[in-house]
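**Q** Based on what follows, work out the 3D shape:
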Amino acid sequence: MNLNPIVLSIPIFFILIGIELVVERFSHRKLYRLPDAIANLSCGITSQLSGLFMRILAIGIYEIVYANFALFTLNRSWLYWLGLFLLTDFTYYWAHRMSHEINLFWGGHVVHHQSEEYNLSVALRQSSFQVVWTFAFSLPIALLGFNTVDFVLISAFNTLYQFWIHTETINKMGWFEYVFNTPSHHRVHHGRNPKYIDKNHAGSLIIWDKMFGTFQAEEERPTYGITKPINSWNAVWANFSHYVVMADEIKHIPSFTDKIKYLFKKPGWLPASMGGYRPAPEVDKGGYQKYNPSYPLQLNYYVLFQYILCLGVTAFFLFKQSQFTLGEKAFAATVISLWVVNSGVLFEQKKWVRYAEWVRIIIYSLMIIVAPTLIYLPDYFYVVGATYGLLSGFWFFKISTLQHEKISVA
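**A** This is a model prediction of the structure:
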């Protein structure tokens, strides 16, 4: 059984997203777009999958520091838990802030900011690589003698707190906003308006931003996203896109010293010989258009059907992952990642994804059919695999025909 509080909270996440969708319906506000929401959830899935491998390293190093180099032996009193909470939130602030102010680190965090919407699904849009750059910020907590399991627990609750602040349905909250992070404060953080960029890095407590000069109150409604939109709903590409841009830009920087500076300066930095720092542009309210390629309406229902199945498989795997070998985890992570990539890119109408989806349908159907033989599942999985393959194949064929007709007309 997986005791990760974040995994255990998955049902609550979807209940709250459902409530937000009801609010959207009755308030006649446009809070969600299906492709964007699926891309957000897909980034959350790939983050949880990569976390099975990367968080082991991060937590393992924390445990090594705690077990071998802790300066103090601490008793678990209420002061212990209060101190751990404050230290965890404090180090989160600095890790988060540096993830915005160091180009290399930004590549591990940018995923969370790529959505051009702002709703609860955005809270689940997490990077697969951020932990690589940020785990070291928490090591002083281990050095002070705070138990590894306790730290992991408080860190998880700090992350859970931040789920509810990703919404436009809650306005300003009066006195609460003087101390705690709120939807209003965090909307600022997700804005790409120049006055909002690199502000409000708080986790649970907004006091750190006020203490260290990074606080900005919400004034005009933010425009969400990043200054150079990713224009893709591919969850894997979302995690690599910034590093691809960095690799291209660093090739053109002539000085080795400037290449190193480029890695650790703020995003947008270039040496003076190449034009210098590129500040965030003002938002063109009149000419700004969200990424929104056209596609047949029927594709919504097909992808939603596939995605619900994918979520079910993913949830089962995450709850049971401790029972699998490392090789089995890697195989399952690959299978699920391909599933979510296709789900997003189908909305982009890329030619290659049509072939990729046919290959996926065939391979996944065969995997279900042979599963009873390989891992001793009930015999009715033969029927399940065949039914899934026939239904998905027929449905996707019909949609592909609509796509072809649409292209021909255009």
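**Q** residues near G191, how many?
**A** 25 (other CB atoms under 10 Å). Every C-beta, even on glycine, is put in place using the N, C-alpha and C of the backbone.
**Q** CA atoms of stretch 102-122 as PDB?
**A** Listed next in PDB are the C-alpha coordinates belonging to stretch 102-122 (Å, rounded to 0.1, in the frame of the first residue of the first chain):
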ATOM      1  CA  ILE A 102      18.400  30.400 -12.100                       C
ATOM      2  CA  ASN A 103      18.000  29.400 -15.800                       C
ATOM      3  CA  LEU A 104      19.000  25.800 -15.200                       C
ATOM      4  CA  PHE A 105      16.600  25.400 -12.300                       C
ATOM      5  CA  TRP A 106      13.800  27.100 -14.300                       C
ATOM      6  CA  GLY A 107      13.900  24.300 -16.800                       C
ATOM      7  CA  GLY A 108      12.800  22.000 -13.900                       C
ATOM      8  CA  HIS A 109      10.000  24.300 -12.800                       C
ATOM      9  CA  VAL A 110       8.700  25.900 -16.000                       C
ATOM     10  CA  VAL A 111       6.300  23.000 -16.600                       C
ATOM     11  CA  HIS A 112       4.100  24.200 -13.700                       C
ATOM     12  CA  HIS A 113       3.700  27.600 -15.400                       C
ATOM     13  CA  GLN A 114       3.000  26.600 -19.000                       C
ATOM     14  CA  SER A 115      -0.800  26.400 -18.700                       C
ATOM     15  CA  GLU A 116      -2.600  29.400 -20.100                       C
ATOM     16  CA  GLU A 117      -5.600  28.600 -17.800                       C
ATOM     17  CA  TYR A 118      -5.800  28.800 -14.000                       C
ATOM     18  CA  ASN A 119      -7.800  26.100 -12.300                       C
ATOM     19  CA  LEU A 120      -7.300  23.200  -9.900                       C
ATOM     20  CA  SER A 121      -6.000  21.000 -12.600                       C
ATOM     21  CA  VAL A 122      -3.000  23.400 -12.900                       C
END
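**Q** chain center to that stretch: distance?
**A** When C-alpha coordinates are averaged (CA atoms, centre = their mean, to the nearest Å), stretch 102-122 and its chain have centres 7 Å apart.
**Q** Flag the helix or strand of the chain with the lowest per-element mean pLDDT.
**A** Lowest by mean pLDDT, DSSP states H and E among the helices and strands of the chain is helix 5-8, with a mean of 78.
**Q** low pLDDT regions in this protein?
**A** 1-3, 403-410 (pLDDT under 70).
**Q** That one - how does it break down into domains?
**A** When the chain is parsed with automatic domain parsing, its domains come out as 5-212, 298-409.
**Q** Export those to a markdown table and append columns for distance to A280.
**A** Listed next are the domains of the chain as a markdown table, based on distance: least, CB to CB, whole Å:
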| stretch | distance to A280 |
| --- | --- |
| domain 5-212 | 5 |
| domain 298-409 | 26 |
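**Q** Quick one, which of those gets closest to D258.
**A** domain 5-212 (12.3 Å; CB to CB).
**Q** which helices and strands does the least confident helix or strand of the chain pack with?
**A** If you count contacts as 3 or more CB pairs under 8 Å, 6 or more residues apart in numbering; DSSP states H and E, helix 5-8 packs onto helix 148-161.
**Q** Off-centre distance for the helix it packs on?
**A** On CA atoms, centre = their mean, the centre of helix 148-161 falls 18 Å from that of its chain.
**Q** and what of stretch 186-204?
**A** Its chain's C-alpha centre and that of stretch 186-204 lie 17 Å apart, by CA atoms, centre = their mean.
**Q** So for it, what gets flagged as buried?
**A** For stretch 186-204, a neighbour-count test (16 or more other CB atoms under 10 Å) marks 186-193, 196-197, 199-204 as buried.
**Q** Just the terminal-to-terminal distance for stretch 278-290.
**A** 22 Å (CA to CA, to the nearest Å).
**Q** Which residues does that stretch contact?
**A** For stretch 278-290, the surrounding residues in contact (CB atoms under 8 Å, 6 or more residues apart in numbering) are E116, R192, N193, P194, I197, T223, T227, G268, W269, L270.
**Q** residues in contact with the second one?
**A** The neighbourhood of R192, defined by CB under 8 Å, 6+ apart, consists of H113, P222, T223, Y224, G225, I226, T227, A280, V283.
**Q** Mind doing that once more with 7 Å?
**A** With contact taken as CB atoms under 7 Å, 6 or more residues apart in numbering, R192 is in contact with T223, Y224, G225, I226, T227, A280, V283.
**Q** one step back: okay, the domains of the chain, which one's buried deepest?
**A** domain 5-212 (a mean of 18; mean count of other CB atoms under 10 Å).
**Q** Now find how far off-centre that domain is within its chain.
**A** 10 Å.
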